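Peer 1: Sharing a sequence plus its predicted fold:
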Amino acid sequence: MIRAEGLTKRYGAKTAVDTIDFTVHAGQVTGFLGPNGAGKSTTMRMIVGLDRPTAGSVTVNGRPYAGHRAPLREVGALLDAKAVHTGRTAENHLLAMAATHRLGKKRVREVIELTGLESVARRRVGGFSLGMGQRLGIAAALLGDPATIILDEPVNGLDPEGVLWVRRLVKHLAAEGRTVFLSSHLMSEMALTADHLIVLGKGKIIADAPVADIIAGGTGPRVRVRSPQASRLAELVAAPDVTITGAEAGLLEITGVEAPALGDLAAQHGLVIHELTPLSASLEEAYMDLTADAVEYRTEAVR
């Protein structure tokens with residue numbers, strides 16, 4: 001379990017993390033989301049003792065990271081896959097880490113096999129691709145067989161097979177009762193992987209809830225309607241809290257009205273309906289809605 005209470009980090013006049021409280025529970029995958037500059041990396045660095053909080057505290061399995069006698073056995077973290085000695089082989093990198101906690105060569109071989117690095121284990125890390133570096137970082141995070149795993153952008157640089165492998169791995173680790181905390185900018189992947197989400201914006205928590213709840217609360221009901229009398233239906237349903245878009249003639253997407261109500265309205269006015277399909281909101285839509293006012297680096301629309 002990871003628990004933050006009043007966690008704050010300031011750099012001079014800038015507050016990167018602003019008095020946040022959260023708990024990452026064991027037995028589920030918790031995703032950590034937020035725009036660039038929201039404070040995610042700073043928070044993760046404070047969890048593993050790389051940055052000292054200005055105020056507040058954060059504990060892992062009941063203690064600050066530095067308070068664990070064998071932290072590698074408690075917490076495994078991938079924060080920067082490039083933070084390795086590029087002149088070492090992957091195997092020697094893991095052996096050096098293992099030696100700090102009296103872990104044997106057997107465990108090193110196990111994580112090499114688990115992460116698919118057998119064929120490159122004796123190659124120098126400096127020649128690794130981004131995806132291979134990510135696999136090595138995950139191997140290092142799992143080396144101590146920890147109860148808590150923290151992964152920052154673990155699928156960055158991985159091919160589709162690697163992305164699927166990471167998805168299955170983190171779900172398996174959570175199913176074993178471990179605490180799994182990971183960040184990603186890939187909303188589609190997070191929707192498939194995470195059970196719970198913590199969303200950070202401008203250093204503050206703006207959402208802390210199960211994935212399904214965040215998606216459900218992100219947008220109103222949305223329905224696709226196909227009708228030869230679509231323009232007439234649009235006139236009837238128009239309201240300040242209803243959004244209507246038309247991708248093509250006779251086809252509408254209506255947000256803010258439930259499908260049964262649309263069907264009843266069409267029937268009352270004798271309108272022909274060829275399709276009436278409720279549409280599910282996506283995590284990306286919910287996320288964009290949540291963080292609309294928390295984006296620090298905003299770009300112009302491409303025209």
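Peer 2: Now that the structure is in, tell me what you want to look at.
Peer 1: Can you report phi and psi for the residue lying farthest from the centre of the chain?
Peer 2: No residue in the chain sits farther from the centre than Gly270, which is 46.7 Å out by CA atoms, centre = their mean. Main-chain torsions, Gly270, degrees, to the nearest 10: phi 70, psi 30.
Peer 1: Distance check, it against Ile254.
Peer 2: 19 Å (CB to CB, to the nearest Å). All C-beta atoms are positioned from the backbone trio N, CA, C, and that covers glycine.
Peer 1: Kindly report the same for Ile198.
Peer 2: 32 Å.
Peer 1: How far does the longest helix along the chain sit from its chain's centre?
Peer 2: Longest helix in the chain, counting residues (DSSP state H): helix 160-175. Relative to its parent chain, helix 160-175 has a centroid offset of 13 Å by CA atoms, centre = their mean, to the nearest Å.
Peer 1: Just name the shakiest helix or strand of this protein by mean pLDDT.
Peer 2: One helix or strand of the chain scores below all others by mean pLDDT, DSSP states H and E: helix 211-218, with a mean of 82.
Peer 1: Please put the alpha-carbon coordinates of it into CSV.
Peer 2: Provided in CSV are the C-alpha atoms of helix 211-218 (Å, rounded to 0.1, in the frame of the first residue of the first chain):
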residue,chain,number,x,y,z
VAL,A,211,-12.2,3.7,-13.9
ALA,A,212,-15.9,2.9,-14.6
ASP,A,213,-17.0,5.8,-12.4
ILE,A,214,-14.7,8.3,-14.0
ILE,A,215,-15.8,7.3,-17.5
ALA,A,216,-19.5,7.4,-16.5
GLY,A,217,-19.1,10.9,-15.0
GLY,A,218,-17.1,12.3,-17.8
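Peer 1: buried set for the next helix or strand after that helix?
Peer 2: Next in sequence after helix 211-218, counting helices and strands by DSSP states H and E, comes strand 222-226. By neighbour count on 16 or more other CB atoms under 10 Å, the buried set for strand 222-226 is Arg222, Val223, Val225.
Peer 1: Mean confidence (pLDDT) on stretch 158-175, please.
Peer 2: Across stretch 158-175, the average pLDDT comes to 94.
Peer 1: make that stretch 89-98, sorry
Peer 2: 96.
Peer 1: So what's the gap between it and the chain middle?
Peer 2: Its chain's C-alpha centre and that of stretch 89-98 lie 28 Å apart, by CA atoms, centre = their mean.
Peer 1: Mind listing what's buried along it?
Peer 2: Quick answer for stretch 89-98 (16+ other CB under 10 Å): Thr89, Ala90, Glu91, Asn92, His93, Leu94, Leu95, Met97, Ala98.
Peer 1: and the residue lying closest to the first one once chain neighbours are set aside, which of the three is it?
Peer 2: The shortest distance from Thr89 to any non-neighbouring residue, by CB to CB, 6 or more residues apart in numbering, is to Arg122 (5.0 Å). For Arg122, the secondary structure call by DSSP: H, G, I helix; E, B strand; the rest coil comes out as coil.
Peer 1: mind checking pLDDT for Arg122?
Peer 2: At Arg122, pLDDT is 95.
Peer 1: Burial check on it, number of neighbours?
Peer 2: 11 (other CB atoms under 10 Å).
Peer 1: who's in contact with it?
Peer 2: Counting by CB atoms under 8 Å, 6 or more residues apart in numbering, Arg122 touches Thr89, Ala90, Glu91.
Peer 1: want to throw those into CSV with secondary structure?
Peer 2: Shown next, in CSV, are these (three-state DSSP):
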residue, secondary structure
Thr89, strand
Ala90, helix
Glu91, helix
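Peer 1: And those residues, which is closest to His185?
Peer 2: Ala90 (26.2 Å; CB to CB).
Peer 1: Tell me who's in contact with the closest one.
Peer 2: Applying CB under 8 Å, 6+ apart, the residues contacting Ala90 are Ile112, Leu117, Val120, Ala121, Arg122, Arg123, Val125, Phe128, Leu136, Ala139.
Peer 1: Leu78 too?
Peer 2: Gln134, Gly137, Ile138, Ala140, Ala141, Ile150, Leu151, Asp152, Pro154.
Peer 1: Same question for Val211.
Peer 2: Val211 neighbours (CB under 8 Å, 6+ apart): Gly31, Met190, Ala191, Ala194, Asp195, His196, Leu197, Leu283.
Peer 1: can you name the two of the contacts of Leu78 that are farthest apart?
Peer 2: Pairwise over these, using CB to CB, the maximum falls at Gln134 and Ile150, 14.3 Å.
Peer 1: Dump the buried residues of stretch 89-98 to a markdown table, plus distance to Gly67.
Peer 2: Formatted as a markdown table, those follow (distance: CB to CB, whole Å):
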| residue | distance to Gly67 |
| --- | --- |
| Thr89 | 33 |
| Ala90 | 30 |
| Glu91 | 31 |
| Asn92 | 30 |
| His93 | 26 |
| Leu94 | 25 |
| Leu95 | 26 |
| Met97 | 20 |
| Ala98 | 22 |
